[in-house]
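Student: fold the stuff below for me.
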Amino acid sequence: MDLINFSVVIPTFGREKLVYRLLESLQSARKNYQGEVEILVIDSSNDSASKDIASSCQEFDSRFFKGEQSVRWKRNFGVSQARFPIIFFIDSDCRVDNNIFQEHASIYQEKSKYPKLGGVFGVTHFEGDRSFLWKIIEQTSFLDVFSFAEHYPYVEWAIGNNISYYKQVFEQVGCFDESLPFRLGGDDLELGLRISKAGYLIKTNPKAITFHSRVTWNSWKSLLERASRWGRMEYFVCKKHSFLLRRDLPRQEPLFLLLLLFSIIIALILQNAFLVLLPFAWAILAYLLRFGFDFIAGDRKNFIFNVFAQIPSITYQVNCMTEFIRHGRWDILYKHMIFSNYQMMGEWPREVRRLWASFLSLVLVFFLGKIII
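Tutor: A predicted model of the protein is given here:
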């Protein structure tokens, strides 16, 4: 079989110690692989951190470039400087398994089996302190994509870590979209969708493994910033890929907004300010009932973590809804971003419990409102 040669592209900003750890692991994996591997680091750190990262690059035979803050720009620039036909993307807060290049190469070497292959996506395991906050994060859907390769033979999109693409395919579909807002987030998903829509396959390989440090996630500030940014980015992704938005059961956040508007109107008509409090009472009751249903139906030992997990989940949904409405897209009140029927099947039991909680809470609040009036 022909040897596959890789160009590894790493966008960096600070995290000097983690970058050193990553380059050390890549050097070990490179020595363990018969093909050629070049490593390109595109950095936008301050002078002190940048000096340390450049020194690490020199130690581990990696090419160092100074670049803009935008992660999308860094990745696109890295690809433009790459010498080899396969581009491997990895984040600076990760490290690689020693066999990472063999596992990605094993898919590319089976050209007859995958004639429309566009890329290969592996698994990311998390390592480090499993704190109370991390146990909360585990109850959200934010980590699902990191294990897609363990569940699906192909994916329609992937994150920008432990993913490799043919350079030709990457450039054919237009690279990462630098016009998107924020300096990172959502662009990796959007790129994968364009590659899939162009007719290429993204094959998974659960044996291709990277390890992600929990350190860069392990703070409420970091978690809520991610949830907020990802929620807002949903609008921009759906704007380019409208097929993702499908009619769905009404969610609690838009229901709360509608109830609040309705209660304000009724309160003004009846001149009873207490009615404005009813939507808040409904939201509290709805979440309490939902937690109760989840406790009965789910994993009870994680119940407390699941309760706290609603904070980043609500942050995501509120920012998503706000961005859509800000752009005049009220259809977010009855639509949801859905990638596949597998997603709908997986979410269905939870969504039914949530809908029942919303309905029963509405009945209780209705009678409470009659008492107040």
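Student: how about the strands in this structure?
Tutor: 6-12, 37-43, 63-66, 86-89, 94-96, 117-127, 154-155, 163-166, 201-213, 245-247, 335-337 (DSSP state E).
Student: turn those into CSV, including mean neighbour count, mean pLDDT and distance to Val79.
Tutor: Yep, even glycine has a C-beta here, placed from its N, CA and C like the rest. Rendered in CSV, the data for those read as follows (neighbours: other C-beta atoms under 10 Å; pLDDT from 0 to 100; distance: least, C-beta to C-beta, whole Å):
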stretch, mean neighbour count, mean pLDDT, distance to Val79
strand 6-12, 26, 98, 6
strand 37-43, 23, 98, 9
strand 63-66, 15, 96, 12
strand 86-89, 25, 98, 5
strand 94-96, 22, 97, 19
strand 117-127, 22, 97, 13
strand 154-155, 18, 94, 20
strand 163-166, 25, 98, 9
strand 201-213, 20, 97, 17
strand 245-247, 14, 89, 30
strand 335-337, 19, 87, 27
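Student: show me the one of the ones you listed that comes nearest Ser25.
Tutor: Taking C-beta to C-beta as the criterion, Ser25 comes closest to strand 94-96 out of the strands of the chain, the separation being 3.9 Å.
Student: how near is the residue most central in space within the chain to Thr210?
Tutor: The geometric centre of the chain, computed from its C-alpha atoms, lies nearest to Phe142 (C-alpha atoms, centre = their mean), at 5.8 Å. Here the distance between Phe142 and Thr210 works out to 17 Å (C-beta to C-beta, to the nearest Å).
Student: what's near enough to touch the residue nearest to the centre of the chain?
Tutor: Contacts for Phe142 (C-beta atoms under 8 Å, 6 or more residues apart in numbering) come out as Arg226, Ala227, Trp230, Pro312.
Student: widest-spaced pair of those?
Tutor: Trp230 and Pro312 (9.6 Å).
Student: more neighbours, the two?
Tutor: Summary of the neighbour comparison: Trp230 and Pro312, criterion other C-beta atoms under 10 Å, with Pro312 having more neighbours (25 against 20).
Student: which helix runs longest in the protein?
Tutor: Counting residues, the longest helix found in the chain (DSSP state H) is helix 341-372.
Student: and that helix, what other elements does it pack with?
Tutor: If contacts are counted by 3 or more C-beta pairs under 8 Å, 6 or more residues apart in numbering; DSSP states H and E, helix 341-372 sits against helix 252-270, helix 278-297.
Student: tally up the residues packed near Thr216, please.
Tutor: The number of residues packed near Thr216 is 17, by other C-beta under 10 Å.
Student: shouldn't it be in contact with Cys94?
Tutor: No - in this structure, Thr216 sits apart from Cys94 without contact. The criterion is C-beta atoms under 8 Å, and the distance is 9.6 Å.
Student: low-scoring stretches of the stretch 201-350 of the chain, by residue?
Tutor: Using pLDDT under 70 as the threshold, the predicted model of the stretch 201-350 of the chain has low-confidence ranges 299.
Student: if we go to 80?
Tutor: 249-250, 298-301, 340-348 (pLDDT under 80).
Student: please apply the same query to the stretch 1-150 of the chain.
Tutor: Segments of the stretch 1-150 of the chain classed as low confidence (criterion: pLDDT under 80) are 1-2.
Student: now the strands of the chain in a markdown table, with distance to Trp134?
Tutor: Putting those into a markdown table (distance: least, C-beta to C-beta, whole Å) gives the following:
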| stretch | distance to Trp134 |
| --- | --- |
| strand 6-12 | 24 |
| strand 37-43 | 28 |
| strand 63-66 | 32 |
| strand 86-89 | 24 |
| strand 94-96 | 16 |
| strand 117-127 | 8 |
| strand 154-155 | 25 |
| strand 163-166 | 24 |
| strand 201-213 | 11 |
| strand 245-247 | 32 |
| strand 335-337 | 25 |
